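Chemist: Kindly generate the corresponding structure for this input.
(one chain, ligands or ions: 1)
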Amino acid sequence: MSTTFDLDQLVRPNIRALKPYHSARADFSEGLLLDANENSLGSPFTEDDELHRYPDPSQQKLRNLIAQWRGVRQENVFVGVGSDEGIDLLYRIFCQPGQDRILTTPPTYGMYSVSANIHDINIDEVLLEEETFQPRVDATLDAVAPNTKILLLCSPNNPTGNLFDAERMTELIEQFPGIVVVDEAYVDFSSEESWAQKVAKYPNLVVLQTMSKSFGLAGIRLGITFANEEIINYMMKVKAPYNINKLTAQRAVEAFKKLDTIQFNTEAIRKERKQLRDKLNDLKAVEKVYPSNANFLLTKISEAKKVYQKLADRGIIVRYRGDEPLCDGCLRITVGTPDENERLISALKEVTA
Ligand SMILES: Cc1ncc(COP(=O)(O)O)c(C=O)c1O
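Modeler: So this is what the prediction gives:
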């Protein structure tokens with residue numbers, strides 16, 4: 001990374017100057033609490049559920065568990081309402097609406113551009129390499145404009161499923177003159193280590209993870225951002241004061257007592273991914289199943305749109321990705337349970353016969 005990297009200079013001036021909301025629970029969480037206009041008679045459920053109290057605005061306990069788990073410091077961890085909150089906050093911190101730009105590498109996760117459009121941020125796109133779906137380093141760096149603030153890389157990538165080559169990622173992180181976000185929503189299904197610990201080395205690196213995939217907790221909406229302390233401090237400053245609710249925080253904390261189950265399930269999905277891949281490859285209509293380090297398989301199949309519709313008519317829902325660049329004729333199929341995959345395969349046999 002260039003020695004001239006200056007985080008403050010990348011941050012929007014209004015955010016640099018922002019005085020954040022100071023919440024009551026940031027000062028005291030014990031004692032006779034008459035400071036936050038909570039309901040003194042409690043929640044309507046049980047006397048001791050404590051849901052009448054606002055949650056911890058800084059989520060110390062949860063951030064600490066996450067930090068230990070990934071081998072980073074608590075100061076390098078932010079928790080948000082899904083990874084989507086992380087993306088939203090990064091845009092709000094670094095990108096001036098109507099002026100600044102982000103860079104993405106399609107085909108990739110749709111929220112990067114949806115969120116940019118919400119914020120009126122310009123989007124530049126450099127396609128991944130055809131078939132390998134690897135980032136094109138020179139073309140990506142050539143696409144940097146004076147107001148380009150953030151490069152978003154997704155590894156393992158959605159919808160293609162592949163990991164990005166580590167050397168190419170390093171080059172991009174070292175040479176991109178702004179923030180590089182590496183979205184690792186699917187990293188636990190992959191064969192590679194997370195980039196989370198590298199935030200200590202690269203001040204411009206931001207790593208996104210989530211409890212929605214390997215943890216099996218999409219319903220609680222808990223996303224994780226790893227970054228250097230300065231970036232995390234900005235995220236803490238800009239977030240809604242009580243972004244993580246108590247029910248979510250409780251479940252997320254409890255999940256760390258279930259790491260064995262989570263690891264077991266992750267391994268089972270990886271094994272099932274291989275089975276499903278083999279079975280898909282046996283089908284005549286399947287032209288290619290792309291290698292995957294995620295919990296889904298990008299599958300090129302003849303008459304993909306029709307197949308998608310016919311599966312849906314039978315109550316089997318996969319994702320049609322044929323409209324994405326470089327994904328002509330492709331379906332994205334989540335790895336299901338062995339039974340679910342059997343149903344999928346026999347339905348596919350039927351509709352492609
Ligand atoms: C690459 C990627 N990032 C993030 C997400 C969403 O994560 P969350 O549920 O934490 O918002 C998804 C969901 O499909 C995804 O594919």
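
Chemist: Report the secondary structure state of the residue in the stretch 251-353 of the chain positioned nearest to the ligand.
Modeler: Nearest residue of the stretch 251-353 of the chain to the ligand (C-beta to the nearest ligand atom) works out as residue 294 at 8.1 Å. (C-beta placed from N, C-alpha, C; glycine too.) At residue 294 the chain is in coil, as set by DSSP: H, G, I helix; E, B strand; the rest coil.

Chemist: Let me see the contact set for residue 271.
Modeler: Going by C-beta atoms under 8 Å, 6 or more residues apart in numbering, residue 271 touches no other residue.

Chemist: ok, whichever residue of the chain sits closest to the ligand - how many residues close by?
Modeler: Residue nearest to the ligand within the chain: residue 82 (2.7 Å; C-beta to the nearest ligand atom). Other residues within reach of residue 82, judged by other C-beta atoms under 10 Å, total 20.

Chemist: surely residue 184 meets residue 208?
Modeler: Yes: with contact defined as C-beta atoms under 8 Å, residue 184 counts as touching residue 208 (6.3 Å).

Chemist: hang on, the earlier thing: my guess is the residue of the stretch 251-353 of the chain closest to the ligand contacts residue 159, does it?
Modeler: No: under the criterion of C-beta under 8 Å, residue 294 makes no contact with residue 159, lying 9.1 Å away.

Chemist: Which one of the two is surrounded by more residues?
Modeler: For residue 294 versus residue 159, neighbours defined as other C-beta under 10 Å are more numerous around residue 294 (29 against 24).

Chemist: and the more buried one, what does it touch?
Modeler: Applying C-beta under 8 Å, 6+ apart to residue 294 gives the contacts 156, 157, 158, 161, 186, 189, 190, 213.

Chemist: mind listing which of these are in strands?
Modeler: Judged by DSSP state E, the contacts of residue 294 include no members of strands.

Chemist: Now for these, which sits with the most neighbours around it?
Modeler: residue 157 (27 neighbours).

Chemist: what's the domain layout of this protein?
Modeler: 7-257, 260-352 (automatic domain parsing).

Chemist: End to end on the longest one, go ahead and measure it.
Modeler: When the termini of domain 7-257 are compared using C-alpha to C-alpha, to the nearest Å, they are 37 Å apart.

Chemist: Poorly predicted segments of the stretch 201-350 of the chain, please.
Modeler: Within the stretch 201-350 of the chain, no range satisfies pLDDT under 70.

Chemist: Backbone dihedrals for residue 102, please?
Modeler: phi -120, psi 160 (degrees, to the nearest 10).

Chemist: do the same with residue 43
Modeler: Per-residue torsions, residue 43: phi -80, psi 170 (degrees, to the nearest 10).

Chemist: Residue 40: neighbour count?
Modeler: Neighbours around residue 40, by other C-beta under 10 Å: 9.

Chemist: what pLDDT does residue 2 get?
Modeler: On pLDDT, residue 2 comes in at 49.

Chemist: For residue 135, which residues are in contact?
Modeler: Contacts of residue 135 (C-beta under 8 Å, 6+ apart): 105, 126, 128, 129, 153, 164, 165, 168, 169, 172.

Chemist: hang on, the third one packs against residue 137?
Modeler: No: assessed by C-beta under 8 Å, residue 128 is found out of contact with residue 137, at 11.3 Å.
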